[in-house]
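S.K.: Sequence isn't available, so here's the structure alone:
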């Protein structure tokens, strides 16, 4: 299928910052986006405003409302996310509860008119998890099997977060995807999370890990030589800001309850090519490995989280939508991607590589 541009719904400004979802979706459409990664929090926000509050019935109604809003604007909902803290739980009764919640997420996904749920790697404290890959695989295979029984089947896209407790690099997530071995269970490749663990260290004075260049080169070589592109269900292209000071206690973004990489992720992500804003990750090299090395064709999402999103300034959603569209144009040009057509400038969709 041709590759298309998407953005996370939350990337156009958090609903609780005073930016209605309808306006963010309007801007996504006007700037040429074709799809949206939908956050569960959007469903919660709308459900809480319905009579009776946050009931399951209201959540389903909220999902139907959102689905209709997106269809009206010709925006595809790629996935519902994030179904987190699922795999490898020490408390197996809690695991059983999460399976019940997952069944309800299937209903939400169908109400949204999407067939995919994103599962990020678990980042609960190690004391609440079992460091047992076989158990993690069994848990995720159980979810995949549940999804296969749905009509139409529910797909899962699994992502290694760079602050994940036991799965924090793409290599580990790929190992898990292969071991789960189900047609509806695939991989998410996120340039931020790939670089955020082996190249960047926001808590270090240099903002980088030792031997970061060598580490990224070796990792990308493994990526292009081992990953089956048919199992890559989605790609997220995003950079991040190099901090002037280490993100340790005393830093404005420091949170004792979060790993430094998580706090950095929540506050400092940037769009592709934003060097003027301090972007410094090797996103171009990673993108080349994905698009040129693997030959990926599919949905490409600009998943940006930034402290600016909590600003109620009316200009925020438009600013972020425009910056994402400009980043997309840079990505298409830099990767030598073949542009298929333009329906609403400046957004583009492409079908592959030139040449």
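M.R.: That came in fine, so what should we check first? This structure is a prediction, so every number in the text was calculated from the model and none was measured. Residues are numbered from 1 along each chain as shown.

S.K.: what secondary structure does residue 297 sit in?
M.R.: coil (DSSP: H, G, I helix; E, B strand; the rest coil).

S.K.: Extract the residue ranges of the chain that are flagged as low pLDDT.
M.R.: The chain contains residues with pLDDT under 70 at 1-17, 338-355.

S.K.: What are the boundaries of the helices in it?
M.R.: Remark: helices assigned in the chain by DSSP state H are 21-30, 40-47, 56-72, 92-112, 133-148, 170-180, 191-198, 212-226, 260-268, 283-288, 316-335.

S.K.: any residues touching the fifth one, and which ones?
M.R.: With contact meaning C-beta atoms under 8 Å, 6 or more residues apart in numbering, helix 133-148 is reached by 86-89, 95, 99, 102-103, 106, 117, 119, 153-156, 158, 166-167, 175-176, 179-185. Quick note: C-beta positions are derived from backbone N, CA and C, even for glycine.

S.K.: Among the helices of the chain, which comes closest to residue 238?
M.R.: helix 191-198 (4.4 Å; C-beta to C-beta).

S.K.: quick one: contacts of that closest one?
M.R.: 159-163, 168-170, 209, 212, 215-216, 219, 236-240, 261, 264-265, 269, 272, 281-283, 286-287, 290, 303.

S.K.: 6 Å instead, please
M.R.: Contact with helix 191-198 is made by 161-162, 168-170, 215, 219, 237-238, 240, 261, 281-283, 286, as judged by C-beta atoms under 6 Å, 6 or more residues apart in numbering.

S.K.: roughly how far out does stretch 97-116 sit from the chain middle?
M.R.: 18 Å (C-alpha atoms, centre = their mean, to the nearest Å).

S.K.: For it, could you pull out the residues that count as buried?
M.R.: By 16 or more other C-beta atoms under 10 Å, the buried positions in stretch 97-116 come out as 98, 102, 105, 106, 108, 109, 110, 111, 112, 114, 115, 116.

S.K.: ok, those vs residue 38, which is closest?
M.R.: Among those, and counting by C-beta to C-beta, the member closest to residue 38 is residue 112, at 6.0 Å.

S.K.: Can you tell me how far that closest one is from residue 65?
M.R.: Distance from residue 112 to residue 65, counting by C-beta to C-beta, to the nearest Å: 10 Å.

S.K.: Give the ChimeraX command for selecting the buried subset of the contacts of helix 133-148.
M.R.: Here is the ChimeraX command that selects the buried residues among the contacts of helix 133-148 (16+ other C-beta under 10 Å):
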select :86,87,88,89,95,102,106,117,119,153,154,155,156,158,166,167,175,176,180,182,184,185
